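> Pasted the sequence and its predicted model underneath.
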Amino acid sequence: GVINMVTKNGTNQFHGALWEFLQNTHLDANTFNSNLTGVRRQESHISTFGGDVGGPIRKNKLFFTYTFEDIRQVIPDPFTTSVPTPLQKQGNFSQTYYARDASGNPLIQTIYDPFTTTTGANGALVRMPFAGNIIPTSRLDPVAVKVFSYVPLGNVAGDPLTGLNNLTNNSSTRKFTDYFPENTGRVDYDINQSTRLFVRYSRNALQEERSFHYSTNAALDPADTGNNNPFTRENHNATVQFTKTLTPTLILDLRAGLERFKSESGANQGAAVGPSTLGFSPTFVSEAANWFPKFNWANYEGAGAQPSYVSPIAQTTSFQGGLFKSMGRVVSKFGVEFRVIRGYSQTPGFNAGNFTFDQTFTGANPTLIQPSSGNALASFLLGTPQSGYIQVASEPARQEKMTSLYLQNDIRATDKLKINLGVRWDYMGPMTDRFNELPRGFATNTLNPISTPSFPVYGGVLFAGVGGNPRGIFDQSWGNVGPRFGAAYQLDQHTVL
């Protein structure tokens, strides 16, 4: 979409305004979730305020306007989730239940030893359960034990049978904070009766932190699963316009603009508490970032989050020039436009590792997940993930260049008939990447790595800017010419065709 924004210029008189919109704890009711869990009303503050001022710097010559607006909020961030109990952290699942029998007695979720898997007489895979439904201390994976040390205990009773949903927000939970200042300034300069110049600059910068589950007002928890610490969105927008009346019928207009957007997200709380601290092997440590890995536990909150990243950084720089000539019933317009569009991304992904655990390895049947056996926390304590990976991501830096020329005549043929005639030429250059990581086509003559001496396979990817290929992802095209025609006719005082 296209957004057109108009800012007011200053005048020979000073004008200004102030405003404020306020919400706070004493004006708010408690939330439904807090009432349900017995948590009292928590502190909540939202303030939206600002002001604008404008006036002369030098009367009849130089004027200014300035606007400031800010949103500041510190509010509760309600949640309910599930974390391991003290017994489960020790490998004791003797009080982990999944259902009740016909008499109302709780049924234990049996934990099986995945390393006892054998083939039974009927060909089915069978496993032995742990005695007392307790994993021996000597079998506990030291990485899992260390990770559990960062995960807080529940603060509510949770489900009366399963114990799930045992952690919720309270007054000590880290709040949802949001700060969003915005500044816009404009200066107009009437150089003389035929020459004007104006400059405008706008900036807003959202700073947000939220979705904390383990962190408190006193400290960040590196195992926190929140992915918005920080969450930022920063915009810069600038315009310079010069207008010159060359003759009573000829006007020159020149404009330059800049639009830049930057967003950052992820989880800073996991920085510097990486695989080495958690006890991973030296081999894995050498390949991973020094960040808290991501651990996913089926039916539980998990631990860790994606490391912080910057994506996107988008910037558009533009220049437009136009001549406008009035000749009686004809107004002619000629112009040129040039744009450079750039986009960057620094997204490391899960470069410290991402591991998923479920009931599979500690269930009775290795090929089927059943609620009566196996638990993701038990699988985690045994160091048996269902899946895992580590990412190594590229950092694209891409660019496109655009040039346009146009000529248009607006002709008032009669008092009722208006005709528009014009032509426009556009050139959109091919996208390029600073590191030449964009595919350009299919290499039909390249020997594929899956080939064997007896069975050659051909086919691969052509990369722009590599091996003598042009840097653009497609060939340049210079023939994009578009004629334009329009007409408007006034049938009567109330109807135009």
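Structure's in. What do you need? Note that this is a predicted model, so its numbers are computed, not measured.

> And the strands in the stretch 151-300 of the chain?
Along the stretch 151-300 of the chain, counting by DSSP state E, counting those that start in this stretch, strands occupy 167-168, 176-179, 182-192, 195-210, 228-247, 250-267, 294-297.

> Let me see the mean pLDDT of the third one.
Pointing back at strand 182-192 there. Averaging pLDDT along strand 182-192 gives 97.

> How far does it sit from its chain's centre?
Relative to its chain's centre, strand 182-192 lies at 33 Å (Cα atoms, centre = their mean, to the nearest Å).

> same thing with the fifth one?
For strand 228-247, the separation from the chain centroid amounts to 22 Å (computed by Cα atoms, centre = their mean).

> Now that residue 176 has come up, it's in contact with residue 73, right?
Yes. Assessed by Cβ atoms under 8 Å, residue 176 is found in contact with residue 73 at 7.4 Å. No exception for glycine: its C-beta is placed from N, CA and C like everyone else's.

> anything in contact with each of those two?
Shared contacts of residue 176 and residue 73 (Cβ atoms under 8 Å, 6 or more residues apart in numbering): none.

> Please tell me how far residue 240 sits from residue 163.
64 Å (Cβ to Cβ, to the nearest Å).

> With residue 297 instead?
Noted for residue 297: a distance of 14 Å to residue 163, by Cβ to Cβ.

> hmm, back to that, nearest to residue 488, out of the strands of the stretch 151-300 of the chain?
Between residue 488 and the strands of the stretch 151-300 of the chain, the tightest spacing by Cβ to Cβ is seen for strand 250-267, at 23.4 Å.

> then that closest one to CSV, C-alphas only?
This file holds the C-alpha atoms of strand 250-267, laid out as CSV (Å, rounded to 0.1, in the frame of the first residue of the first chain):
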residue,chain,number,x,y,z
LEU,A,250,7.0,27.3,-15.2
ILE,A,251,7.7,25.6,-11.8
LEU,A,252,10.6,23.4,-10.8
ASP,A,253,10.1,20.9,-7.9
LEU,A,254,12.9,18.8,-6.4
ARG,A,255,12.4,16.3,-3.6
ALA,A,256,14.6,13.8,-1.7
GLY,A,257,13.4,11.3,0.8
LEU,A,258,14.6,8.6,3.2
GLU,A,259,12.6,5.8,4.8
ARG,A,260,14.3,3.4,7.2
PHE,A,261,12.7,0.7,9.3
LYS,A,262,14.5,-1.6,11.8
SER,A,263,13.1,-4.3,14.0
GLU,A,264,14.8,-6.4,16.7
SER,A,265,13.3,-9.4,18.5
GLY,A,266,14.3,-12.6,20.3
ALA,A,267,15.6,-13.4,23.8
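
> which helices and strands does it pack with?
Applying 3 or more Cβ pairs under 8 Å, 6 or more residues apart in numbering; DSSP states H and E, we find strand 250-267 packed against strand 228-247, strand 309-327.

> And for the chain, the residue most distant from the center?
Here the centre of the chain is the reference, and by Cα atoms, centre = their mean the most remote residue is residue 414, at 55.1 Å.

> which phi and psi does that residue have?
When quoted as degrees, to the nearest 10, the phi and psi of residue 414 stand at phi -140, psi -180.

> Repeat that for residue 147.
phi -60, psi -40.

> Spit out the contact partners of it.
Counting by Cβ under 8 Å, 6+ apart, residue 147 makes contact with 223, 278, 295, 303, 380.

> Now do the third one against residue 452, distance only.
Applying Cβ to Cβ, one obtains 40 Å for the distance of residue 295 from residue 452.

> who has more neighbours, those two?
residue 295 (27 against 7; other Cβ atoms under 10 Å).
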